[in-house]
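Participant: make a model of this:
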Amino acid sequence: MTGSEKPFVIAIAGGSGAGKTWLADRLEKELGGAGRIVQDDFYRDQSHLSTEHRASLNFDDPRMIEWTLLEKALDKYREGSAVSVPRYDFATHSRRPETKSITVRKFLLVDGLWLLRKPSLRRRFNLRIYIECPEEIRLQRRLQRDMVERGRTERSVRQQFATTVQPMHKKFVEAQARWADIVLHAGFADKELERIIRFCKPPPV
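Facilitator: The predicted structure follows:
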């Protein structure tokens, strides 16, 4: 990447369990490497609250994200500077003491639930992708992730999905498809992935 070039920034939005991380992993490989920022790391720190209070919070509400900090990180990266971003611990609902350094690459992949909601944030992306995925598939993926990676019980995951995840999905997530450059559906094939690659790396004229 030359000094005159600016990173090509790609947003991958969609519901919990839609396949955002999988797509980001695949694109990173296909693009020959890319910087990675995860919206979830910008959840507001809740360490000042009791454990019981933290567990009762609605983490499927976009107000739980520190959007200003995310926008500042994107602006700095787009100008060609490495950024240090927070790291969030979902087991304790608090930010970890250490940060993560993201070095500048030709491409930057950003994935998250609500990346396309705010016009000011949408303008910071060169390509906006939204993944549509049926509720049943998203629930099964959420069960697998939260039970294995976060030590949750099946009952607690199902309860949270029914009371906050899915209602907030309908309220805040679904509408983002209208602002996407590309909308992918569950089970999308390699031809859709090739379309994204062509958008990111158009052939020379």
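Participant: just the strands in this structure please.
Facilitator: Taking DSSP state E as the test, the strands found in the chain are 8-14, 35-38, 83-85, 88-89, 94-95, 100-102, 107-112, 127-132, 182-185.
Participant: so for M147, which of those sits nearest?
Facilitator: The closest of the strands of the chain to M147 is strand 88-89. By C-beta to C-beta, the value is 17.3 Å. Where C-beta positions appear, they are placed from N, C-alpha and C, glycine not excepted.
Participant: who touches the closest one?
Facilitator: Strand 88-89 has contacts (C-beta atoms under 8 Å, 6 or more residues apart in numbering) with D40, D41, F42, Y43, S94, R95, R96.
Participant: how about a cut-off of 6 Å?
Facilitator: D40, D41, Y43, R95, R96 (C-beta atoms under 6 Å, 6 or more residues apart in numbering).
Participant: kindly report the same for stretch 128-148.
Facilitator: 11-19, 116, 152, 157, 161, 176-177, 180-186.
Participant: now list the buried members of these.
Facilitator: Buried by 16 or more other C-beta atoms under 10 Å: 11-19, 116, 152, 157, 161, 176, 180, 182-184, out of those.
Participant: give me the below-cutoff pLDDT ranges for the protein.
Facilitator: Low-confidence segments of the chain (pLDDT under 70): 1-4, 203-205.
Participant: please, where are all the helices along it?
Facilitator: 20-30, 51-56, 67-78, 119-122, 135-149, 154-160, 166-168, 190-200 (DSSP state H).
Participant: quick one: closest of these to R87.
Facilitator: helix 67-78 (12.8 Å).
Participant: what is the closest one packed up against?
Facilitator: Packing partners of helix 67-78 (3 or more C-beta pairs under 6 Å, 6 or more residues apart in numbering; DSSP states H and E): strand 83-85.
Participant: who's in contact with the strand it packs on?
Facilitator: Looking at what lies outside strand 83-85 - C-beta under 6 Å, 6+ apart - the contacts are D41, A73, K76, Y77, T99, K100, S101, I102.
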